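Asks: What follows is a predicted protein model with its sequence.
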Amino acid sequence: MADFKLTKIAAKYKIKTKSSLSRERKLELYHFMLLTRALDDRIANLYRQSKVFGGVYGGRGEEATAVGATFALEKDDVIAPMIRNAGALYVKGLDPKRFLANFLGKVTGPSKGKDGNTHFGDLELGIFAPISMLSAMIPTCCGAAMTFKMRGEKRVALTWTGDGASSLGDFHEGINLAAVQNLPLVLFIQNNQYAYSTPTRLNCVAKDFVDKAVGYGIEGVQVDGNDVLAVYEVAKKAIDKARNGGGPTLIESITMRMKGHAEHDDFFYVPKDFYNEWLKKDPIVRFENYLHENENVTLDEFQKLNDKVKDIVDEAEKFALESPYPVGEDAAKGVYAD
Ligand SMILES: Cc1ncc(C[n+]2csc(CCOP(=O)(O)OP(=O)(O)O)c2C)c(N)n1
């Protein structure tokens, strides 16, 4: 079915970033952003059918920040994603089937049906499971980065924190430790304009979140978080620097959470005009315009890429729905080291 339509955008929203990536790699970026959004939407539907255990925290509008950053990593690098960064998991190689199965509490999910939502990891893929306490993954990543440094391994740890979470103690302790130890850490502040219902102006009086880097004597960079190529390029630079002994970088990625904090939150506190302005900067639509105009991606090609994602999501949903729930006897297994 040919239903793909290119939404034209105003000149001021067009992506003008110079990119070192090939056409093929750019199409991979597009694939991962589409996949992230399609899975987010599917999970939200399953939530409304009462098939999901726990809450559903999506990343609509923030796909470029997670996907662009992770795309710049090497296989042996590690990430600690937060609730808005599902796209990072797919880039790292997590099978969407396992992701959906986890939400449905099935044994085939990474936490084997013992935890709902996004609190899972996969150490073989280099993914640390999120600790629910906001910003706690920063010191955790410092630990990994320090290990890499002590072993003389050229590996990097990358994590994200929210604008709200950048006011917490672990953020400051973690960034300071990374700075004084010159650790191979890349830290994103994902400024999505809100911490639950609290707008950024009620959270921090610094003009820009990136200014927090100055206080710790490390490099800080600000990036348009809805331009996937820009996110990739700044991440790549920071990652290369970290890998070669140059120490940590703080990157503020400016984006917008285009839904409520979670599916139960109807978002009433976000002014309509503000939301509508961000809608024009949708990272997927902007990238589609870029690909069409700069890489000659045809509507037919877009259609095929969208169909492919739909097939992956349909298959993942079928797999998750058909997978069994865990049995009672297994409740205590895997809780501690066997
Ligand atoms: C230490 C701590 N306090 C409160 C919470 C509850 N909580 C979870 S997400 C959230 C909002 C976080 O906002 P932000 O850091 O800006 O990230 P965003 O949700 O916008 O991505 C809160 C208050 C928590 N998980 N940990």
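Replies: The structure has been received and is ready for your questions. Quick caveat, the model's predicted, so the values are computed rather than measured.
Asks: Quick check: beta-bridge partners of the nearest residue to residue 164 once chain neighbours are set aside?
Replies: Nearest residue to residue 164, sequence neighbours excluded (CB to CB, 6 or more residues apart in numbering): residue 195, at 2.4 Å. C-beta coordinates here come from the backbone N, C-alpha and C atoms, glycine included. Counting by DSSP bridges, residue 195 is bridged to residue 198.
Asks: The stretch 201-338 of the chain against the ligand: which residues are in contact?
Replies: Neighbours of the ligand within the stretch 201-338 of the chain, by CB under 6 Å from any ligand atom: 257, 261.
Asks: Which parts of the stretch 201-338 of the chain are strands?
Replies: Using DSSP state E, counting those that start in this stretch, the strands assigned to the stretch 201-338 of the chain run over residues 219-224, 249-254.
Asks: quick one, which of those is packed in tightest?
Replies: strand 249-254 (a mean of 26; mean count of other CB atoms under 10 Å).
Asks: mind listing what that strand pairs with, with the direction of each?
Replies: Strands that pair with strand 249-254, judged by DSSP bridges, come out as strand 185-191 (parallel), strand 219-224 (parallel).
Asks: Show me where the stretch 1-150 of the chain has its strands.
Replies: Under DSSP E, counting those that start in this stretch, the stretch 1-150 of the chain gives strands at 78-80.
Asks: is it true that the residue nearest to residue 164 touches residue 161?
Replies: No: applying CB atoms under 8 Å as the test, residue 195 and residue 161 come out as separate, 10.7 Å apart.
Asks: neighbour-wise, which of those two wins?
Replies: Under the criterion of other CB atoms under 10 Å, the comparison of residue 195 against residue 161 puts residue 161 first, with 26 against 20.
Asks: Spit out the contact partners of that one.
Replies: 82, 134-135, 137-138, 171, 187-190 (CB atoms under 8 Å, 6 or more residues apart in numbering).
Asks: Which strand or helix spans it?
Replies: strand 157-162 (DSSP states H and E).
Asks: near the ligand, anything from that strand?
Replies: Yes: counting by CB under 6 Å from any ligand atom, the ligand is contacted by strand 157-162 at residue 162.
Asks: Can you show me the CA trace of that strand as PDB?
Replies: Output of strand 157-162 as PDB, limited to C-alpha atoms (Å, rounded to 0.1, in the frame of the first residue of the first chain):
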ATOM      1  CA  ALA A 157      31.100   4.800  28.000                       C
ATOM      2  CA  LEU A 158      28.200   6.900  26.900                       C
ATOM      3  CA  THR A 159      25.100   7.900  28.800                       C
ATOM      4  CA  TRP A 160      22.200  10.400  28.800                       C
ATOM      5  CA  THR A 161      20.600  12.300  31.600                       C
ATOM      6  CA  GLY A 162      17.500  14.500  31.600                       C
END
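Asks: average model confidence for it?
Replies: What strand 157-162 shows for mean pLDDT is 98.
Asks: Find the closest residue to the ligand in the stretch 101-250 of the chain.
Replies: Residue nearest to the ligand within the stretch 101-250 of the chain: residue 162 (2.1 Å; CB to the nearest ligand atom).
Asks: Please name the bridge partners of that residue.
Replies: Going by DSSP bridges, residue 162 forms beta bridges with residue 190.
Asks: Can you report how many residues neighbour it?
Replies: 26.
Asks: any low-confidence regions in this protein?
Replies: Within the chain, the ranges that satisfy pLDDT under 70 run 1-2, 116.
Asks: ok now do the residue most central in space within it, which residues does it touch?
Replies: When the chain is reduced to its mean C-alpha position, the closest residue under CA atoms, centre = their mean turns out to be residue 85, at 2.1 Å. By CB under 8 Å, 6+ apart, residue 85 lies in contact with 59, 62, 65-66, 79, 160, 190.
Asks: how about the residues you listed, which pair is most distant?
Replies: Distance extremes for the contacts of residue 85: the farthest pair is 62 and 79 at 15.1 Å, using CB to CB.
Asks: Tell me which residues of stretch 5-16 come out buried.
Replies: 9, 15 (16 or more other CB atoms under 10 Å).
Asks: do the same with stretch 161-180
Replies: In stretch 161-180, counting by 16+ other CB under 10 Å, buried: 161-168, 170-172, 174-179.
Asks: swap in stretch 137-146?
Replies: Neighbour counts over stretch 137-146 (16+ other CB under 10 Å) mark 137-142, 144-146 as buried.
Asks: ok, back up a step: adding distance to residue 301 as columns, could you present the strands paired with strand 249-254 in JSON lines?
Replies: Below are these laid out as JSON lines (distance: least, CB to CB, whole Å):
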{"stretch": "strand 185-191", "distance to residue 301": "30"}
{"stretch": "strand 219-224", "distance to residue 301": "25"}
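Asks: So the residue of the stretch 101-250 of the chain closest to the ligand sits against residue 188, correct?
Replies: No: using CB under 8 Å, residue 162 makes no contact with residue 188, being 9.8 Å away.
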